[in-house]
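Asker: Next comes the sequence, and after it the predicted model I'd like to discuss.
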Amino acid sequence: MNRLMLNEKGFTLIELIVSMVLVGILAAIAGMGLVKITEGYVFAKQNAETFQKAQIAMARIVKELGAAEKASAAATAITTADADSVAYTRRQSSGSTTFIPNTITISNGLVQLSGTTVGILTNDVITASSGFAYYDGTGATTSVPANIRRIVITLTVNGANSTPISFNNTVFIQESY
């Protein structure tokens, strides 16, 4: 009888339970890894969308301010300037002799060009640290529109998980002296 028992092949109950526990642990680790990969993808996608919108808004602001010109010899290209907004004049179209006034405002989570929202930055992704800084020809800060030669634009947005990122750009104002 002992001889028959020694030749039997198979798994004991303890071996089966141990192997099932080990497979369960490995499956749990693999599952957590997949969850983290998915969370990372969603985070990156949300950030990419928000930052792309911010870059589009920044490009539009730079283009608009780069087109600022004075309408007459007595006028200035920048008409009013404060931390949240800048008013300026520009040609209606390339080569036109007609000048139009525009205002760019960064406030309440929006970038607006003469009252129209620029881009699709909504849901208060733009933070309070966004705005404009003005400099004269020597590099000193100024708030006098006639002396402004350089405008530094800061656009700070909140991405996924409220991760802030700042976009900075500089526009030189072409004034005739």
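Answerer: Done, it's in.

Asker: quick one: low-confidence parts of this protein?
Answerer: Along the chain, the parts satisfying pLDDT under 70 run over 1-8, 117-125, 127-128, 175-177.

Asker: Now do the contacts for the residue nearest the centre of it.
Answerer: Against the mean C-alpha coordinate of the chain, by CA atoms, centre = their mean, the closest residue is Phe51 at 3.2 Å. For Phe51, the contact set (CB atoms under 8 Å, 6 or more residues apart in numbering) comprises 157, 159, 165. Any C-beta I mention is one placed from the backbone N, CA and C, and that applies to glycine too.

Asker: Kindly indicate whether it is helix, strand or coil.
Answerer: Put simply, Phe51 is helix when judged by DSSP: H, G, I helix; E, B strand; the rest coil.

Asker: What are the boundaries of the strands in the chain?
Answerer: Assigned by DSSP state E, the chain shows strands spanning 78-81, 85-91, 99-107, 110-113, 116-117, 131-135, 150-158, 164-172.

Asker: Switch those strands over to TSV; also include distance to Lys63 and mean neighbour count.
Answerer: Listed next are those as TSV, based on distance: least, CB to CB, whole Å; neighbours: other CB atoms under 10 Å:
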stretch	distance to Lys63	mean neighbour count
strand 78-81	16	18
strand 85-91	10	20
strand 99-107	11	17
strand 110-113	10	18
strand 116-117	15	10
strand 131-135	15	19
strand 150-158	11	19
strand 164-172	9	14
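
Asker: Rebuild the ones you listed as CSV, extending it with distance to Leu65.
Answerer: Formatted as CSV, those follow (distance: least, CB to CB, whole Å):
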stretch, distance to Leu65
strand 78-81, 9
strand 85-91, 7
strand 99-107, 7
strand 110-113, 10
strand 116-117, 16
strand 131-135, 9
strand 150-158, 6
strand 164-172, 4
